[in-house]
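**Q** sharing a model prediction with you, sequence too.
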Amino acid sequence: MCRVHILSPPPLPRGPGGGLGGRGWSLCASFWAAAAPSALPPSPAGLKIASLLLLLLVRPGGLSVCLPVCLSGAMERAALLGSGREAGSAVAMAGDVGELLVPYMPTVRVPKTGDRVYKAECAFSYDSPDSEGGLYVCMNTFLGFGREHVERHYRKTGQCVYMHLKRHVKEKVTGASGGALPKRRNTKLFLDLECNGDLNNDDYEYEDEAKLVIFPDHYEIPLPNIEELPALVTIACDAVLSAKSPYRKQDPDSWEEELQVSKHANILVQMDNGVRIPPSGWKCSKCDLRENLWLNLTDGSILCGKWFFDGSGGNGHALEHYKEMGYPLAVKLGTITPDGADVYSFDEEEAVLDPHIAKHLAHFGIDMLQMHVIENGLRDNDIKPRVSEWEVIQESGMKLKPMFGPGYTGLKNLGNSCYVNSVLQALFNIPEFQRAYVGNLPRIFDYSPLDPTQDFNTQMAKLGHGLLSGQYSKPPMKSEIIEQVMKEEQKPQHNGISPRMFKALVSKGHPEFSSNRQQDAHEFFLHLINLIERNHIGSENPSDVFRFLVEERTQCCQSRKVRYTERVDYLMQLPVAMEAASNKDELIAYELKRREAEAARRPPPELVRAKIPFSACLQAFSEPDNVEDFWSSALQAKSAGVKTSRFASFPEYLVVQIKKFTFGLDWIPKKLDVSIDMPELLDINHLRATGLQPGEEELPDISPPIIIPEDPKDGTTNHFMESPDIDESSVMQLAEMGFPLEACRKAVYYTGNMGAEVAFNWIIAHMEEPDFAEPLLIPGYAGAAFPGADKPGFAGLDNQPPEEMVAIIASMGFQRNIALRALRATNNNLEHALDWIFSHPEPEEANEASSEAMDIENHVNANLLAESDPEGPRVKDGSGRYELFGFISHMGTSTMSGHYVCHLKKEGRWVIYNDLKVCASERPPRELGYIYFYRRISS
């Protein structure tokens, strides 16, 4: 064993590169043989290490700072584990280990700050050091691979040096009396891994093993082996072994711990302007958006936040307001709970803590402290918790039979991640998702990027395989069951998978899902569908099964004229018709008893849950809704308007969300605790859209005038302006991104020439609309905005692809008509046109028609035809008859707390998925669900 002493004098000046320069640190190295009673001359291996260490220390920008820590860690491990292990037979034949590693030294790296080291989970599977084959960590990329996938990485990258990690689980040695020996420090446990929660640590112990493996010959070098390994390799191995989890920011409570108290919290000035914030119905005061809204704590203004990468968010009006007025703190509406709220400081440019948030919210009529008091006026800890809902949904008290095998794999709860687990279990019960990801798994894995941990399709395929393969859901052997019954103890079980890598990827950059707080399963479902839409490969998009068109009929109550529009949606939101409860007498009696208990400060009576007929909820969905701030194009003024929604198409799989969550008048977020008799067989054919009816007169297609503040600083006087000229520079910026030219013009016009960024947000919000790429028609202004737009053939000629671009695509082997279509669809962007061609394969049946199209490709009418039929959203229309196959239930008082459980119907029987626990369901609580999944019944 070797020992290295490093003497550190007072701090020395560093050079421009950050190294210590020629002065450096003094290195005194002395080496002893481990078993020698007295000092012996340094060994050749020790001298080799010392010389390399010296080079590293004096080299500017080298490893001088981390060396003492890394080397001391290696020494400690050497002392604990010893270095006299026998090498494998392959290494014994190789001779000098140092010479064996020389050809691979350029590929071995020491992890730097910011490098993610995946030493607990395979990038392609859920293999870990606990698995039978252990885990291989690449010493260059620090990615982890199971035994089945490490060869793929070697062939793809040529990286040869891997660290193999294996954790062995053994029964503890028993003493003479039969009990386990007294506990002692486990010197053979050095991997920073989670212990299996199923293990009884009093009866089992761990032993970790690490070794270097050199591919392709699988030479094995046991670790630590300081005497023979080059120093750089020793340092790299020690750094990998001591590296922290790559999900450090995803660990429980880390998001909250990083927040600091704002410097403005104690000195915040609030205006006495009489503003009172209602408990619901918020919208941005500048753009009427109703999501991602922030309340400024100085003046009470409600404004939208920034646009997020996933297409959600707003137009950044809250930030603009800060730049204009200088009011620093804002709270996100919808996040206010008894424990706090999401507060952001524009001045400090980060999320912050406000210790006076209750006082600041009360200034605008939001009584946050009231939420500490429950319905009967007693504090939460003064009464027994209401557990009936939890017991019913989780089927507590019943002996549920565990289920094992393909499709019966549980998901570990990472800390308030049950909303993720429930949605994933439901999605991968759908054949289209199984085919898209698990069916295409070999192709997805083979074509995955160099870092598969950051690839959405790879992680979806990995997750689907983990859930459906049965590899991580194996029943115990009969002999093990008998032994457990006899000994009344539990053997180690390694069932279920941890979706930590998947959650870290899909939540990256999202302010809500990246935290470890409870979230809304409905919002996560839509977020996941958005990611699938953006990342699907080719023409196969599994989210197509949920997509449907909604026809919205808007009627001006004064002129009686109507307008029909269509939009894309992925789920049906069903209102709760509380007024239709069938047990009103029981509810009235319960309310009287509850008030008496509140007055006498007694515990509340047993809960009576409102029973709502499903037919009443369906009727409430079909009834007209009032349209706020409706502008009638027939009257050229604001008027009263109503809107009704119908299905323009029925999806293959219908997702129904029960709108249980709301806010009370006292600002307390609450859930409607109701029971709805959801049918197993559902027929909604009567909700099919009918379109414009005889005798109905359409509203004129006139857009409302743009309202522009006269002075952004005082913003108090607005006036109506005539339609402005379109900023062509903003139009071209958007067109260069690949959006259709006409859509870019509309975006710039409808956002009042506020710039390309604001117009881009408009495009993201409207790109699914059927008329997204239609030409912009401005009454009385079209001539100025589009010279020649009234002439026949204008639209087609304006988008005629340049011949040189057509020739470039044709030279790649594509037909001329395909090149023309691709260029027109992408506004003559060559790179985007090639992507369009690969994502829109030409049907074989169209070959004959293509030759005819080539004869008239330059004709104006052909261009007009191509422009008049833009590709709309893909829907799988059919019958409106459905059968229930799954539902997600929520327990708790709001979406920001509680627990989610999923029930799925498989092989003719219901199964409950409660995180890792997968069992046959005895009484599926169908009437208490939150999100329901129906599949179409073939007619």
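**A** Nice, I can see it.

**Q** count of residues packed around Ser396?
**A** By the measure other C-beta atoms under 10 Å, the count of residues near Ser396 is 11. The way it works is simple: take the backbone N, C-alpha and C, and place the C-beta from them, glycine included.

**Q** what about the closest residue to Glu132 other than its chain neighbours, which SS state?
**A** Residue nearest to Glu132 in three dimensions, not counting chain neighbours: Arg147, with 8.0 Å by C-beta to C-beta, 6 or more residues apart in numbering. Under DSSP: H, G, I helix; E, B strand; the rest coil, Arg147 falls in the coil class.

**Q** so Arg147 makes contact with Tyr136?
**A** Yes: with contact defined as C-beta atoms under 8 Å, Arg147 reaches Tyr136; the gap is 7.4 Å.

**Q** more neighbours: which of these two?
**A** More crowded of Arg147 and Tyr136, by other C-beta under 10 Å: Tyr136, with 25 against 16.

**Q** thought the more buried one was touching Glu148?
**A** No: Tyr136 is beyond contact range of Glu148, at 10.5 Å (criterion: C-beta under 8 Å).

**Q** model confidence score at Lys188, please.
**A** On pLDDT, Lys188 comes in at 55.

**Q** ok, now His372?
**A** Per-residue pLDDT puts His372 at 38.

**Q** just the strands in the stretch 551-700 of the chain please.
**A** 562-569, 572-574, 610-612, 625-627, 631-632, 637-638, 641-647, 653-658, 661-663, 669-671, 674-676, 681-683 (DSSP state E, counting those that start in this stretch).

**Q** ranking those by burial, who's on top?
**A** Most buried of the strands of the stretch 551-700 of the chain, by mean neighbour count (mean count of other C-beta atoms under 10 Å): strand 653-658, with a mean of 23.

**Q** what lies in contact with it?
**A** If you take C-beta atoms under 8 Å, 6 or more residues apart in numbering as the criterion, strand 653-658 is touched by 430, 522, 525, 545-546, 548, 570-574, 576, 617, 676, 678, 682, 684, 882, 929-936.

**Q** okay, now the sheet partners of it, with direction.
**A** Sheet pairing of strand 653-658 (DSSP bridges) gives strand 572-574 (parallel), strand 929-936 (antiparallel).

**Q** show me the one of those that comes nearest Pro475.
**A** Between Pro475 and the strands paired with strand 653-658, the tightest spacing by C-beta to C-beta is seen for strand 929-936, at 27.2 Å.

**Q** report the buried members of the contacts of strand 653-658.
**A** 430, 522, 525, 545-546, 548, 570-572, 574, 576, 617, 676, 678, 682, 684, 882, 929-936 (16 or more other C-beta atoms under 10 Å).

**Q** what helix or strand does Val236 sit in?
**A** Wrong residue type there; residue 236 is Ala, not Val. Assessed by DSSP states H and E, Ala236 sits inside helix 231-242.

**Q** any idea how many residues pack against Glu324?
**A** Neighbours around Glu324, by other C-beta under 10 Å: 12.

**Q** tell me the SS of it?
**A** Glu324 ends up helix, using three-state DSSP.

**Q** and it, what's its pLDDT?
**A** 93.

**Q** from here on, count from 55
**A** Sure, I'll start counting at 55 from here, so that last one is Glu378.

**Q** out of the strands of the stretch 605-754 of the chain, flag the one nearest Gly940.
**A** strand 707-712 (9.8 Å).

**Q** could you give the angle of the closest one to strand 616-623?
**A** 100 degrees (axes from the mean of the first three to the mean of the last three C-alpha atoms, to 10 degrees).

**Q** so what's Cys192 bridging to?
**A** With DSSP bridges as the rule, Cys192 is bridged to Tyr216.

**Q** that one: how many residues sit nearby?
**A** Other residues close to Cys192 by other C-beta under 10 Å number 25.

**Q** which residues touch it?
**A** Contacts of Cys192 by C-beta under 8 Å, 6+ apart are Gly198, Phe199, His207, Thr211, Gln213, Val215, Tyr216.

**Q** tell me the spacing between it and Lys800.
**A** 49 Å (C-beta to C-beta, to the nearest Å).

**Q** what does Glu782 give?
**A** In this view, Glu782 and Lys800 are 14 Å apart by C-beta to C-beta.

**Q** likewise Leu155?
**A** Leu155 sits 62 Å away from Lys800, taking C-beta to C-beta as the criterion.

**Q** what about those two, which has more around it?
**A** Lys800 (26 against 22).

**Q** okay, now the nearest residue to Asn807 once chain neighbours are set aside: neighbour count?
**A** For Asn807, ignoring the flanking residues on the chain, the nearest one in space by C-beta to C-beta, 6+ apart is Asp781 at 4.6 Å. Per other C-beta under 10 Å, the neighbour tally for Asp781 reads 19.
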